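Engineer: when you get a sec, could you give me coordinates for this:
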Amino acid sequence: MKQVGHTGFLLNSQNVRRGILIPRYYDPEITQSLHALKGQFDLVELKRLIVDGKVLHSHGDYVPKIHYGTGPYPYIRTSDLANWEVKASPKHGVPRAVLDEYAPSQDIQVGDIFFVHEGTYLIGSVAMVTEQDGAMLYQHHLAKFRVLAGAPFNKYFLLAALEAPLVRRQIRSKQFSADIIDSVVGRLDEVVIPCPKDHQRLIKIEETVESAVLRRARLRRMIAEDCKNLDFWLSGATKQDRVSDALSVTSTHESSPAFLGGRRGFNARALSTKRLVNNILLPRYYDPEIETALISYRARCNVISVGDLERRGQIRLTTGDEIGRMNYGTGNIPFVRTSDFGSWELKREAKQGVSEAVYKEWATRQGVLAGDILLVRDGTYLVGTSVLVAEQDLPLLFCGGIYRIRSEDWDTLPPAFLFAVLNTPFVRRQMRNKQFTRDVIDTLGQRLSEVFLPIPKDPNDVRTIASKFSASLDERVRLRAELHKVSESMFTTQR
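Structural biologist: Numbers count the residues shown, from 1 in each chain. Take a look at the predicted model:
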């Protein structure tokens, strides 16, 4: 193999393997990088670990779409992996009967690593199963790795290694088009994992990754529980008088009274035609439980619509732009789409990146700042999902299917408080009720302005809520950056 300049290389026909004629499969820079590590690393081929019984490698199952959304047990798909973890709210759930049918053969255990081996942009994405995840199934586009006794490293090292640039480059070089989807099936075991010969360095990587992954998982669960507990406190349905006490307990509630009331539906014919709004005939739009719940929230809160907050100048709403597919992949500045939302945060790597020139063209009208909230307007399952933008997420652009919500009054409406309220079951249910189908996709449209937000009458309560959520969200962002730093530097030689 002879490299020619920086743009190509010559390959002797005798070095062609398995009839593969994809140039990047033979990327000489990968070979050179691995060779440079030999002095300080053992180069371990994934295939050897699997054959020797030190790493277990298996695939998920295809579960028919008829089961989607029919139960509470997550069916994990490629889009449900983000920032090394399984999303807190996967798109699809299945019933107990389906779980029982597939679970024995899938044998998912805490510490297993999910890996996307089919799916184009998402190939190489990973997530670790933690105690916070519970029972689940995973689809056939995902592989599962389990590090067994006798392996040269533990599961946390493998998780970080699969995110490291050198390993990700190897994975991309193995990627090929299979029918209408890209895949690395059949080639993944060719990937080489460098393992430090310095045992102390290996242990430090493993311990750092373990601490960050488990802490992030606990915070992910804590934020979900705090949103639920906050809803109970705002509605007066909890015994705690102080919001700080309400947020410090472990949730034992199935849901808030507003989110899951006594009745699961109502007779749409009982609604007077005089109460129709804009000729909307969608029954859940008139959900009577929301109106009933508003009364309980008013005892402790001022209940104000998003539209009224905007008219008062306390918040500002804008939507993103469709910048054109020709701009996709022109650079590394994230162009955030709805699929780039993780659990309470943006994915570290957006599917599409744009150049500095494209960013400058659109940034003036978008102008995203730390503290802004991005909320999914269009997208069926994801409608209402939101993230609080952190400084580490910037710069970015965002698509037309996303609202940007900016607090213009941080004293009265701190961004972390606004984010917390938008994620309470009461508010999320309102968004679901307003959701409608437009063309081939569901949307919230302009109806976000009709959604009511309960805002505590006592400013001290608002500050307490904001402080609590800000601390949890900031810590998750810090730990995400720590994991990224580890994976970026773990395969560098030391003097």
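
Engineer: residues touching His140, list them.
Structural biologist: If a contact means C-beta atoms under 8 Å, 6 or more residues apart in numbering, then His140 has 59-62, 118 as its contacts. Heads up, the C-betas are built off the backbone N, CA and C, glycines and all.

Engineer: now do 6 Å
Structural biologist: With contacts taken as C-beta atoms under 6 Å, 6 or more residues apart in numbering, His140 has the following neighbours: 59-62.

Engineer: filter the residues you listed down to the buried ones.
Structural biologist: Buried members of the contacts of His140, counted by 16 or more other C-beta atoms under 10 Å: 59-60.

Engineer: next, format the contacts of His140 as CSV and append secondary structure and pLDDT.
Structural biologist: Compiled in CSV, the contacts of His140 are given as follows (DSSP: H, G, I helix; E, B strand; the rest coil; pLDDT from 0 to 100):
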residue, secondary structure, pLDDT
His59, strand, 95
Gly60, coil, 97
Asp61, coil, 97
Tyr62, coil, 96
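
Engineer: check the contacts of His140 and tell me the two furthest apart.
Structural biologist: Taking C-beta to C-beta as the measure, the contacts of His140 reach their widest spread between His59 and Tyr62, a distance of 10.0 Å.

Engineer: am I right that Asp182 sits in a strand?
Structural biologist: Yes - the assignment for Asp182, made by DSSP: H, G, I helix; E, B strand; the rest coil, places it in a strand.

Engineer: Cys399 versus the nearest residue to it once chain neighbours are set aside, what's the distance?
Structural biologist: Ranked by C-beta to C-beta, 6 or more residues apart in numbering and with sequence neighbours excluded, the top spatial neighbour of Asp182 is Thr120, at 4.3 Å. In this view, Thr120 and Cys399 are 18 Å apart by C-beta to C-beta, to the nearest Å.

Engineer: who's more crowded, these two?
Structural biologist: In this comparison of Thr120 against Cys399, neighbours counted by other C-beta atoms under 10 Å, the higher total goes to Cys399 at 21 against 14.

Engineer: can you tell me which residues contact that one?
Structural biologist: By C-beta under 6 Å, 6+ apart, the residues touching Cys399 are 320, 337.

Engineer: what comes up buried for stretch 117-126?
Structural biologist: Judged by neighbour count using 16+ other C-beta under 10 Å, the buried positions of stretch 117-126 are 117-119, 121-126.

Engineer: same check on stretch 445-455?
Structural biologist: 447-455.

Engineer: part of a helix, is Trp233?
Structural biologist: Yes - in this structure, Trp233 lies within a helix as judged by three-state DSSP.

Engineer: mind checking pLDDT for Pro95?
Structural biologist: What the model reports for Pro95 is a pLDDT of 96.

Engineer: ok, it - contacts?
Structural biologist: 70-71.

Engineer: now the helices for the stretch 51-200 of the chain?
Structural biologist: Ranges of helices in the stretch 51-200 of the chain, per DSSP state H, counting those that start in this stretch, are 96-106, 155-163, 165-174, 199-235.

Engineer: repeat that for the stretch 301-450 of the chain.
Structural biologist: Along the stretch 301-450 of the chain, the stretches classed as helices by DSSP H, counting those that start in this stretch are 306-311, 356-366, 415-422, 425-434.

Engineer: first to last residue in stretch 150-165, what's the distance?
Structural biologist: Between the opening and closing residues of stretch 150-165 lies a distance of 26 Å (C-alpha to C-alpha, to the nearest Å).

Engineer: got it, and stretch 138-153?
Structural biologist: Taking C-alpha to C-alpha, the span from the opening residue of stretch 138-153 to its closing residue is 25 Å.

Engineer: the contacts of His140 into TSV, with extra columns for distance to Glu356?
Structural biologist: Formatted as TSV, the entries for the contacts of His140 read as follows, by distance: C-beta to C-beta, whole Å:
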residue	distance to Glu356
His59	40
Gly60	39
Asp61	44
Tyr62	42
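
Engineer: pick the one among the contacts of His140 closest to Val387.
Structural biologist: Gly60 (27.1 Å).

Engineer: pLDDT weak spots in the chain?
Structural biologist: Low-confidence segments of the chain, defined by pLDDT under 70, span residues 1-7, 249-274, 279, 281.

Engineer: rerun that using 50 as the cut-off
Structural biologist: For the chain, residues meeting the criterion pLDDT under 50 lie at 4-5, 253-264, 268.

Engineer: dump the residue contacts of the most centrally placed residue in it.
Structural biologist: Nearest to the mean C-alpha position of the chain, counting by C-alpha atoms, centre = their mean, stands Gly342 at 1.6 Å. Contacts of Gly342 were listed using C-beta under 6 Å, 6+ apart, and they are 82-83.

Engineer: so how many other residues sit close to Glu101?
Structural biologist: The tally of other residues near Glu101 (other C-beta under 10 Å) stands at 15.

Engineer: now for Arg187, how many residues are close by?
Structural biologist: If you count neighbours by other C-beta under 10 Å, Arg187 ends up with 18.

Engineer: kindly report the same for Val110.
Structural biologist: For Val110, the count of nearby residues is 11 (other C-beta under 10 Å).

Engineer: same check, this time on Glu291
Structural biologist: Glu291: 10 surrounding residues under other C-beta under 10 Å.

Engineer: helix, strand or coil for it?
Structural biologist: Remark: Glu291 carries the secondary structure label helix [criterion: three-state DSSP].

Engineer: pull the CA atoms of stretch 378-388 into CSV?
Structural biologist: What follows is the C-alpha trace of stretch 378-388 in CSV, where atoms were taken according to Å, rounded to 0.1, in the frame of the first residue of the first chain:
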residue,chain,number,x,y,z
ASP,A,378,-43.2,18.9,14.6
GLY,A,379,-42.5,15.2,15.0
THR,A,380,-45.3,12.9,16.3
TYR,A,381,-43.7,11.0,19.2
LEU,A,382,-41.3,13.8,20.0
VAL,A,383,-43.8,16.7,20.1
GLY,A,384,-43.3,18.6,23.4
THR,A,385,-39.9,17.3,24.1
SER,A,386,-37.5,20.0,25.2
VAL,A,387,-33.9,20.7,26.1
LEU,A,388,-32.2,23.6,27.9
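
Engineer: buried ones in that stretch?
Structural biologist: Here stretch 378-388 shows 378-379, 381-388 as buried, counting by 16+ other C-beta under 10 Å.

Engineer: with distance to Ala471 as extra columns, can I get the residues you listed in TSV?
Structural biologist: Supplementary listing: these in TSV, determined by distance: C-beta to C-beta, whole Å:
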residue	distance to Ala471
Asp378	32
Gly379	29
Tyr381	29
Leu382	26
Val383	28
Gly384	24
Thr385	22
Ser386	18
Val387	17
Leu388	12
